[in-house]
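Trainee: Fold the following, please.
(one chain, ligands or ions: 1)
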Amino acid sequence: MKYSAFSIFREGLSGNRGWKPAWREPDPKAHYDVIIVGGGGHGLATAYYLAKNHGITNVAVLEKGYLGSGNVGRNTTIVRANYLLEGNEPFYAHSLRLWEGLEQELNFNAMMSQRGVINLYHSDGQRDAFARRGNAMRLAGEDAELLDREQVRALVPFLDFDNARFPVQGGLMQRRGGTARHDGVAWGYARGADSRGVDLIQNCEVTGIRREGGRVTGVETTRGFIGCNRLGLAAAGNSGQVAEMAGMRLPIESQVLQAFVSEGLKPFIDQVVTFGAALFYLSQSDKGGLVFGGSLDMYNSYAQRGNLATVESVMEAACAMVPSISRVKVLRAWGGVMDMSMDGSPIIDRTPLDNLYLNCGWCYGGFKATPASGWCFAHLLATGESHELACALRLDRFTRGYQIDETGHGAQANLH
Ligand SMILES: Cc1cc2nc3c(=O)[nH]c(=O)nc-3n(C[C@H](O)[C@H](O)[C@H](O)COP(=O)(O)OP(=O)(O)OC[C@H]3O[C@@H](n4cnc5c(N)ncnc54)[C@H](O)[C@@H]3O)c2cc1C
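Mentor: Below you'll find the predicted structure:
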């Protein structure tokens, strides 16, 4: 069923009785060419591109909860391609280009809004680092502008420019960055994959990975054994647990990240703004709520909720950046489980098992990567070879010493 203004009009006149479910609820088959574990953004995008780019449609996505119940429906929706290092920037640049045509391609309103992302800087050293990052982005074909203080003030006048501790000196802006409705992205990819014949199996937890010799033969699930020729893991925060079922220990720690939404306010912030003095970022949703978050809770956990100490530090950062919101009421907060890699960059690769493939390590930045991750993981599953954009995102970089240490924090998951 094609979604359009006309179909809304037609259904409006006929009592909205003609809408079809956006995807089927199939029972699992005994065997698939490809099984993907995890019905988050990355698993669904992978299934979609497997079908669309490679014509592989005998595919199942197995999701232990409901589609979009993981981080894809929990993130703060920021989409950008402002990376510095060679292994990352072309990958995220490709992702942003895919985002730009995604809604038309999927025939689904994911509320993609290229409202601009501004990273504030507060010192000369930070300005120089941002200038370097902006230059790297432009070399990769992305847009980047280094704004001075008055240019930032013209865009976001309510910031605390004269804060004695963290005076705003300027910002690095990527105008093509912005936000997209997170669960809409999952639903759009799900509908697109389903319409091409992919089976999306909800409430189906993978509990074991069956192996014979050096190959995977299928997965044990809460709905019985399902065989496959190839298995792709896209379980985000649960990657370590799922890989362990295949006898693998990943360079991943699972940690909690929280997000917050305030009561609805009149529109007053048009861009996504990130604070340079602490890990804090802020945007305003179309409903008017301020959407914001900060750093990790800094302990390993599989709980999708966080603790109060982080709530306090996020609120402190909010008030330091925008004092005028200090009396705004926070309505909701939630947490998601981050698959923190040791260098802060993702992993899309083969594994020591012949037909087992891995997609993980997205830390708190995997939403923006959803299209490119699906694109490259589908390529890997279909061809057995890394896509050229994901060549640096190999698992063995940790043993070869070729980490992609984007933030310069070294090999400590909790610092990325
Ligand atoms: C609070 C918060 C804010 C964030 N903000 C941003 C942001 O602004 N921008 C950005 O780019 N990124 C952001 N992220 C990160 C981003 O959301 C994640 O990196 C990304 O969504 C991870 O990929 P995914 O969508 O496939 O994960 P998920 O949606 O978590 O998908 C993994 C799925 O695997 C399923 N699963 C796990 N184990 C099993 C099993 N055994 N069997 C079957 N299924 C299983 C899970 O139920 C889950 O649905 C944020 C994350 C959080 C939590």
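Trainee: Now for residue 16, how many residues are close by?
Mentor: 10 (other Cβ atoms under 10 Å). All C-beta atoms are positioned from the backbone trio N, CA, C, and that covers glycine.
Trainee: Same check on residue 14?
Mentor: 8.
Trainee: so who does it touch?
Mentor: For residue 14, the contact set (Cβ atoms under 8 Å, 6 or more residues apart in numbering) is empty.
Trainee: Per-residue pLDDT of it, please?
Mentor: On pLDDT, residue 14 comes in at 93.
Trainee: any idea how far it lies from residue 135?
Mentor: Distance of residue 14 to residue 135, given as Cβ to Cβ, to the nearest Å: 56 Å.
Trainee: Residue 263 and residue 289 touch, don't they?
Mentor: Yes. Assessed by Cβ atoms under 8 Å, residue 263 is found in contact with residue 289 at 6.7 Å.
Trainee: who has more neighbours, these two?
Mentor: Ranked by neighbour count (other Cβ under 10 Å), residue 263 and residue 289 place residue 289 first, with 19 against 12.
Trainee: and that one, bridged to which residues?
Mentor: residue 264 (DSSP bridges).
Trainee: What of residue 252?
Mentor: residue 341.
Trainee: For it, give me its contacts.
Mentor: With Cβ under 8 Å, 6+ apart, residue 252 has these contacts: 239, 240, 339, 340, 341, 342, 360, 361, 413.
Trainee: rerun that using 7 Å as the cut-off
Mentor: 239, 240, 339, 340, 341, 360, 361 (Cβ atoms under 7 Å, 6 or more residues apart in numbering).
Trainee: Could you do residue 235 as well?
Mentor: Residue 235 neighbours (Cβ under 7 Å, 6+ apart): 37, 38, 242.
Trainee: Could you do residue 31 as well?
Mentor: 227, 228.
Trainee: Around the ligand, pick out the residues from the stretch 201-350 of the chain.
Mentor: Contact residues (Cβ under 6 Å from any ligand atom) of the stretch 201-350 of the chain with the ligand: 205-206, 234-238, 242, 257-259, 293, 336.
Trainee: same check, this time on the stretch 1-150 of the chain
Mentor: 37-43, 62-65, 69-72, 74-78.
Trainee: Give the residues shared as contacts by residue 263 and residue 289.
Mentor: residue 331.
Trainee: Let me know the secondary structure of the spatially most central residue of the chain.
Mentor: With distances taken as Cα atoms, centre = their mean, residue 367 lies nearest the centre of the chain, 1.5 Å away. Here residue 367 is coil, with the state taken from DSSP: H, G, I helix; E, B strand; the rest coil.
Trainee: Residue 75 is in contact with that one, correct?
Mentor: Yes. In this structure, residue 367 is within contact of residue 75 by Cβ atoms under 7 Å, at 4.4 Å.
Trainee: Overlap of the contact sets of these two?
Mentor: Joint contacts of residue 367 and residue 75 (Cβ under 7 Å, 6+ apart) are residue 182.
Trainee: gap between the helix or strand harbouring residue 136 and the chain center?
Mentor: Residue 136 is located in helix 124-139, with elements delineated by DSSP states H and E. How far helix 124-139 lies from its chain's middle: 24 Å, per Cα atoms, centre = their mean, to the nearest Å.
Trainee: Out of the contacts of residue 252, name the ones that lie in strands.
Mentor: The members of the contacts of residue 252 that map onto strands under DSSP state E are 339, 340, 341, 360.
Trainee: Which pair in those residues has the greatest spatial separation?
Mentor: 340 and 360 (9.9 Å; Cβ to Cβ).
Trainee: So for the two, which sits in the more crowded spot?
Mentor: residue 360 (29 against 26).
Trainee: show me what contacts the closest residue to the more buried one other than its chain neighbours?
Mentor: Nearest non-adjacent residue to residue 360, counting by Cβ to Cβ, 6 or more residues apart in numbering: residue 239, 3.7 Å away. If a contact means Cβ under 7 Å, 6+ apart, then residue 239 has 233, 250, 252, 339, 360 as its contacts.
Trainee: any chance of the residues you listed in a markdown table, plus distance to residue 162 and pLDDT?
Mentor: Below are the contacts of residue 239 laid out as a markdown table (distance: Cβ to Cβ, whole Å; pLDDT from 0 to 100):
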| residue | distance to residue 162 | pLDDT |
| --- | --- | --- |
| 233 | 49 | 98 |
| 250 | 46 | 96 |
| 252 | 42 | 95 |
| 339 | 40 | 97 |
| 360 | 43 | 98 |
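Trainee: Against residue 161, how distant is residue 151?
Mentor: Distance from residue 151 to residue 161, by Cβ to Cβ: 12 Å.
Trainee: Same question for residue 50.
Mentor: For residue 50 relative to residue 161 (Cβ to Cβ), the value is 49 Å.
Trainee: do residue 281 as well
Mentor: 18 Å.
Trainee: Looking at those two, which is more packed in?
Mentor: Higher neighbour count among residue 281 and residue 161: residue 281, with 23 against 16, using other Cβ under 10 Å.
Trainee: quick one: that one and residue 295 touch, right?
Mentor: No. Judged on Cβ under 7 Å, residue 281 makes no contact with residue 295 at a distance of 10.4 Å.
Trainee: Could you list the buried residues of stretch 63-80?
Mentor: 63-64, 67-80 (16 or more other Cβ atoms under 10 Å).
Trainee: which of those sit farthest apart?
Mentor: Counting by Cβ to Cβ, the most remote pair of those is 64 and 80, 29.6 Å apart.
Trainee: Report the buried residues of the helix or strand containing residue 33.
Mentor: Counting by DSSP H and E, the element that carries residue 33 is strand 31-37. For strand 31-37, a neighbour-count test (16+ other Cβ under 10 Å) marks 32, 34, 35, 36, 37 as buried.
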